[in-house]
Structures are given as C-alpha cells and as structure tokens.
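[1] Predicted model, plus sequence, below.
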Amino acid sequence: MLVKPFLTGQRNRPKKPVELLLVPMIDIFTVLVTFLLMTAVFSRITIIQLDLPSAAAASPSEPEFRLEVIVKKEGFELTNGRDLIAAIPTVNGEYDLKALTEMAVALKREHPQTETASVLMDPGVNYDYLIRAMDAIRDTELPGNGADARPVKVALFPKIAVGDAPVGDTP
C-alpha cells in the first residue's frame, strides 16, 4: 500500500493571488518625507565676484585711491598702495573688525566714488580672517535717521580683490 505524504493536500489547493498592501507603505513614506523636511538644513550659498590685484600701472579711468587691507598676525594695516593710512593691532589676540569697519566708513566718506579695495594676506594667517576682513570692508549697517531709526545697510567697498601680502616691510 502506498502512503501519501502528509503535505500532499496542500499542493492541490488553489493559490490565492498575493495582495500588495500599499496603504502602510504610503504611510511610512509620508512620515519619512515629513521627518526629512523638518530636519533638513537649508543653507544659503553666496558667491562673490573677486578680482586679482593688478601690478600694472593704473589707467586714467581708475580712481586715484584704492584701499589695501593687509592682514598680518599682528593686526590690520590699511594703505593706499603707497602710504600707510592706519595700523589696527590685535586686541587680546583677536582682530579688531569693528575698528576696521569704522576706518573703512571714514575712508569711504573721504572717497565716496571709490568702490574697489584689496585684501592682502600674510601666509601664516588663518583663511577665516581674510573672509572676515572682506566682510568688514564690503558693507556695514549704520543707524538710521528719523523716527523709525532702522539701521541702514551701506555699501563701503563692494569690489574686492584678494592677494598675498607684500614681502618685507609695509610702505
């Protein structure tokens, strides 16, 4: 006598089509997208047009004054390319960016048509200080006039060139 295996009855049953449940999957994706949107960091990238300082003689159309900010370990030196205008030493090992901005505002008042400046950096100075010096002379907020007294954003020297500081002593 032949003995049928125990599981032979399951082979003859009609197979049900497999159901794909989409509702739980949609719920999971909804929660995932919501979480990703809530935790995403939206950053703003700013691109600045920079010029390289030119060693060529100035053309007649260029203004006579061009601010040069030299970033050294000892502090900032402001020149007009030939003569030293001011030296701003570091305070407690930190660069005095507020004094740099105040000097840039004073120079802008003396030379209102000038928009160009150069920021020159010594090789041993941290790159972050170059960026901070550029931000300090590009624009600033001045107290507003009138009843509302809102601060007004003023462009100082928006066209900035970057380069290496001259080797040796400052002129």
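    Looks like it came in fine.
[2] How many neighbouring residues does the residue nearest to residue 100 when sequence neighbours are not counted have?
    Leaving out its chain neighbours, the residue that sits closest to residue 100 by Cβ to Cβ, 6 or more residues apart in numbering is residue 136, at 4.7 Å. In short, each C-beta sits where N, CA and C put it, glycine included. When counting by other Cβ atoms under 10 Å, one arrives at 24 neighbours for residue 136.
[3] Identify the residues contacting residue 136.
    Listed by Cβ atoms under 8 Å, 6 or more residues apart in numbering, the contact set of residue 136 reads 97, 100, 101, 104.
[4] taking those as a set, which two sit the farthest apart in space?
    The most widely separated members of the contacts of residue 136 are 97 and 104, with 10.2 Å between them, by Cβ to Cβ.
[5] Settle it for me: which of those two has more neighbours?
    residue 104 (22 against 16).
[6] what's the closest of the contacts of residue 136 to residue 13?
    Of the contacts of residue 136, the one sitting nearest to residue 13 (Cβ to Cβ) turns out to be residue 97, at 81.2 Å.
[7] For residue 89, see how far away that closest one is.
    13 Å (Cβ to Cβ, to the nearest Å).
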